Every structure is written in C-alpha cells, then in structure tokens.
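Enquirer: Got a predicted structure here, sequence first:
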Amino acid sequence: MKESIYNHIIDNGENFILYNALSDEAAVITKELYNIYESRHRNPDDLKTAYPDFYDYLVKAGIIVAEDIDEINEALRLNDSKGLAQKKAFHLTVNPTLKCNMNCWYCYEDKRPTRMSEETLSRVCELIEDRMRPDKGFDWLILSFFGGEPLLAFHKEVKMILEFAKRICDREKKHLSVLFTTNGFLLDDGILDSLGPYLPKFQITLDGNEYVHNSVKRTKGHLGTYSRIVANIKNAISRGCYVTVRLNYTYKSLPYFVDVISDFENLSSADNALLSFNFQRIWQDCSDVPACEVTEAVHKMEHHFLDAGLTIIPSSSNSLQKCYADCEDSITINFDGRVFKCTARDFTESNSEGMLEEKGNISNHVISASKGIRKMTRQMSFITGFMTLLSSRNRIKEPEITRMWNC
C-alpha cells in the first residue's frame, strides 16, 4: 500500500483536515493522530497494525491505495465517465480574430489586427459539416466564439459560420448551441437582431463599478464603457438571451462591486431568470492578503448580490470540475487555422496541437486532448478543489464518512 498522490492536509487550528481530491473524502484528525499519521504514512503497514480502524477508513477514503494503482489514469477514467450519460456533443470554439477594442491590463492575448482568411473560413465550415455527419455520432454542436473580441468580426466571419452551422444542424437534425465570450461593448440592436434565431448565451465581463470598470476597459479614444455594456446586457436578456456577467476582481477592487447591484435591481422576473453573476479573481493579482481572507470577502460580496435577488454562480466549489480541454471532442480553431485545446493560453505555434486542413481534417490527427494536457488539466482541477477547501475551511460540509479521529 502507498499514500495517494492526491492527499492534502489542512491545519485547521485545533485539529487537521486530511483530504483526498480524487475521492473527495475528508477526515478531521486530532494533532496527536496527525503526528502519528505523519510518522507512519509512508509505511502504511505500521499504521494498520497500530490503528486498524483508522487504517481501514484511510483505505476506504482513497487516502491510502494499493501499490499497483495508477492514480492518474484512474482520475482520467473517472473524468471521462462523467459525460457518458449526456448527449454526445462536439464543442468547437472559433477565434475569428485576436484583435480587440479594449486594452485590459491583465489580458494575456496578443491583440494583433488579425482576420480569418477565406480559406480558413471555408475549412471551419467543412469541419462543422464533417462532424455533424450521422456516422460521427454527435447529437449536438456547441459553437463558441472567443478572441480577441469576436464581435469585431461578426458581420463577416461569425455570421457566415453561424448561418452555415444552422443549415447543417437543421439538415442533420442536430441541436445547436451558440456562445460568445465578449466584452459586450459592440452588442448592439443590429447584432442582437441577427442572433435572434440562435438564442445565444453570452459571457460578458465587468471589472467593478462604473469608475473602476472604466479605468480598466476604455475605448481607443479613452471613453468609458460601463454604461453602454450594462445597457447591452439588459437589452440581451430582454430578448431572451442568457448572460453570465463575469466579475473580474482584485482584492482592492472587490468592495466596489457592491455598486453594481443597483444597476441590475428591479429587473422583471423573466429578465432576472436569464442573468447570473460570477466572481473571478484576476490571476495577476499580487495581494499579500491571505487567500482565506480574500475568499471570505468574495463570499460576503456574493451574499450582497443574493440579498438583492440576483443569481450568483459560486466563485468556488468543493466539487471537482471537468475542464473543457479534457473533453476529447472539444477543440479551438484560431483565425490562422491553428488548432488548440485550450483558450487560456497564448495562441502561438509552440502551443498549437495541429493545423486545420481541407475537408475538416486536422494535421497530426490531433482532435482529442493529448495525454499530457489531460493529466495537467485533471491535476489542476484537483489542486483548485483543494485550494477552495483550504480557503473555505470554516464552511466545509464534511462528507458522511468524515468523523473526528483521535488516538
């Protein structure tokens, strides 16, 4: 027997929490038992002899595992099995351009004035037609637009891809879902009119109240964007579109989000049902404040939104989430035809998994996540779950198997 590679130990002050991210099981143990565990966990047989009940629990919880178990492959197997009961979907993300009409300080993208060529545009359409063929086994096309700012390319590339995808899905009797990740500034009546048949979903970012947001997101002429984006969000939900407002925060900007609430109060019940908010910390935020204090502050702000009758997508969860880059049938096509598995990276040749070629073929046959990427994303999701547990330790809902173990 051996110790699981997915074990984490949290010092909770008076005692310790022993947590396994693969099994999602946790146990509270006294300091005395923790010291014993620390001295013997590398030799589980010694622990079995001295504390057989505790040892049996550790095995049941996956904290101690058989010597011959490949835990990474087991994690991948469990990850893949989650989607078996769902309709089989092909998730295609398209970056029609990397150009953007904003210049947010935290953005990692290269905002080059790029556009998709006619050749690449045609190959994207061929890819959609190929994947929606009956023999491919897909029931559903999830078509996402990313960038850059995808609405800069709406009237040509985006519109052509959408219209083609709808024709193919209608012909093959497949379900089509359309999503946009956008700053929302260009989401005017004309674009919303064109998108009417698709009932798309949007993720639109706000960076604080009007003052803070406008210090981050300004037009090239240094004009503020907050009021127009808020108006566009309200217009979109009034037309039946789902909008998730991503609230990008730093520890310093977090208190200012309370002012955002008044801009979305008094919505009709129908509009409110289509709107949700999700706090996400800007990853470059270098605050020295402990993570647990930041998380507490976020939860307090989330409750302000909830108290106002607004919907919150929790910023953290102890459940393990599957990354889209882990899904075998999920790919991203860049404006230049390069293929990627993940949008949270620079779209450079070195990060590319292949090239989109004629008839929807992909060079090197890279369509599923490489084993290295899948290992990385799965382990990162476990780490994220652990950090959430660490920062939320006063709110842990312990699994039923959890109990206080002592000597």
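Expert: Okay, I see it. Numbering: from 1, shown residues only.
Enquirer: contacts, neighbours, all on C-alpha from now
Expert: OK.
Enquirer: Where does the prediction get shaky in the stretch 251-400 of the chain?
Expert: Filtered on pLDDT under 70, the stretch 251-400 of the chain yields the residue ranges 316-326, 365-400.
Enquirer: Swap in 50 and give it another go.
Expert: Judged by pLDDT under 50, the stretch 251-400 of the chain has its weakly predicted residues at 365-400.
Enquirer: can you give me the helices in it?
Expert: Taking DSSP state H, counting those that start in this stretch as the criterion, the stretch 251-400 of the chain carries its helices at 258-262, 269-272, 291-307, 371-391.
Enquirer: List of residues touching the first one?
Expert: Pointing back at helix 258-262 there. With contact meaning CA atoms under 8 Å, 6 or more residues apart in numbering, helix 258-262 is reached by 208-210, 301, 304-305, 308.
Enquirer: Also stretch 62-81?
Expert: For stretch 62-81, the external contacting residues (CA under 8 Å, 6+ apart) are 1-7, 19-20, 22-23, 25, 44, 58-59, 322, 327, 374-375, 378.
Enquirer: 6 Å instead?
Expert: With contact meaning CA atoms under 6 Å, 6 or more residues apart in numbering, stretch 62-81 is reached by 1-4, 20, 58.
Enquirer: Restricted to helices, list those.
Expert: Under the assignment DSSP state H, those contribute Leu58 to helices.
Enquirer: Can you turn the buried part of the contacts of stretch 62-81 into a PyMOL selection?
Expert: In PyMOL, the members of these classed as buried (16 or more other CA atoms under 10 Å) are selected with the following command:
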select buried, resi 2+3+4+20+58
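Enquirer: Now, the contacts of stretch 62-81 that are in strands?
Expert: Counted as lying in strands by DSSP state E, out of the contacts of stretch 62-81, are 2-3, 20.
Enquirer: thinking again about what came up before, dump the contacts of stretch 62-81 into CSV; add distance to Thr93 and pLDDT as well.
Expert: Formatted as CSV, the contacts of stretch 62-81 follow (distance: CA to CA, whole Å; pLDDT from 0 to 100):
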residue, distance to Thr93, pLDDT
Met1, 43, 85
Lys2, 41, 87
Glu3, 39, 88
Ser4, 36, 90
Asn20, 33, 87
Leu58, 42, 87
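Enquirer: TSV for the contacts of stretch 62-81, including distance to Asn101?
Expert: Conversion of the contacts of stretch 62-81 to TSV gives the following (distance: CA to CA, whole Å):
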residue	distance to Asn101
Met1	56
Lys2	53
Glu3	51
Ser4	47
Asn20	44
Leu58	54
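Enquirer: quick check, nearest of the contacts of stretch 62-81 to Cys100?
Expert: Nearest to Cys100 among these, counting by CA to CA, is Asn20 at 41.8 Å.
Enquirer: Test my guess that the closest one contacts Ser4.
Expert: No. Look at Asn20 against Ser4 with CA atoms under 6 Å: they stay out of range, at 7.7 Å.
Enquirer: Show the pLDDT at Ile72.
Expert: On the pLDDT scale, Ile72 is placed at 84.
Enquirer: you'd agree it is in a helix?
Expert: Yes. Looking at Ile72 with DSSP: H, G, I helix; E, B strand; the rest coil, it is inside a helix.
Enquirer: Asp263 versus that one, what's the distance?
Expert: Ile72 sits 46 Å away from Asp263, going by CA to CA, to the nearest Å.
Enquirer: Which one of the ones in strands among the contacts of stretch 62-81 is nearest to Ser122?
Expert: Nearest to Ser122 among those: Asn20, at 47.4 Å, using CA to CA.
Enquirer: Just give me the neighbour total for the nearest residue to the closest one once chain neighbours are set aside.
Expert: Once flanking residues are discounted, Asn20 sits nearest to Asn7: 4.5 Å by CA to CA, 6 or more residues apart in numbering. Asn7 sits with 20 neighbouring residues when counted by other CA atoms under 10 Å.
Enquirer: and the gap between Asn7 and Asp53?
Expert: Remark: distance between Asn7 and Asp53 (CA to CA) = 19 Å.
Enquirer: what's the answer for His304, then?
Expert: Counting by CA to CA, the gap between His304 and Asp53 amounts to 45 Å.
Enquirer: More neighbours: which of these two?
Expert: Applying other CA under 10 Å to His304 and Asp53 shows that His304 carries more neighbours, namely 15 against 12.
Enquirer: sorry, back to before: please list only the buried members of the contacts of helix 258-262.
Expert: 208-210, 301, 305.
Enquirer: got these as a markdown table, with distance to Tyr226 columns?
Expert: As requested, those are exported to a markdown table (distance: CA to CA, whole Å):
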| residue | distance to Tyr226 |
| --- | --- |
| Gly208 | 9 |
| Asn209 | 8 |
| Glu210 | 5 |
| Met301 | 20 |
| Phe305 | 18 |
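Enquirer: Tell me the one among those residues nearest to Lys341.
Expert: Gly208 (30.5 Å).
Enquirer: Report how many residues lie close to the closest residue to the closest one other than its chain neighbours.
Expert: In this structure, Gly208 finds its nearest non-sequential neighbour in Phe257, 4.9 Å apart by CA to CA, 6+ apart. Look at Phe257: counted by other CA under 10 Å, it has 24 neighbours.
Enquirer: What of the one 3 residues further on?
Expert: Close neighbours of Val260, defined as other CA under 10 Å, add up to 17.
Enquirer: for Trp105, same thing?
Expert: For Trp105, the neighbour count with other CA under 10 Å is 10.
Enquirer: The closest residue to it other than its chain neighbours: neighbouring residues, count only.
Expert: Nearest non-adjacent residue to Trp105, counting by CA to CA, 6+ apart: Val216, 6.9 Å away. For Val216, the count of nearby residues is 18 (other CA under 10 Å).
Enquirer: So Val216 versus Asn183, what's the distance?
Expert: 12 Å.
Enquirer: Could you do Ser262 as well?
Expert: For Ser262, the distance to Asn183 - CA to CA - is 20 Å.
Enquirer: now Ser215
Expert: Counting by CA to CA, the separation of Ser215 from Asn183 is 14 Å.
Enquirer: who has more neighbours, those two?
Expert: Between Ser215 and Asn183, Asn183 has the larger neighbour count (other CA under 10 Å), namely 24 against 17.
Enquirer: Appreciated, that's everything.
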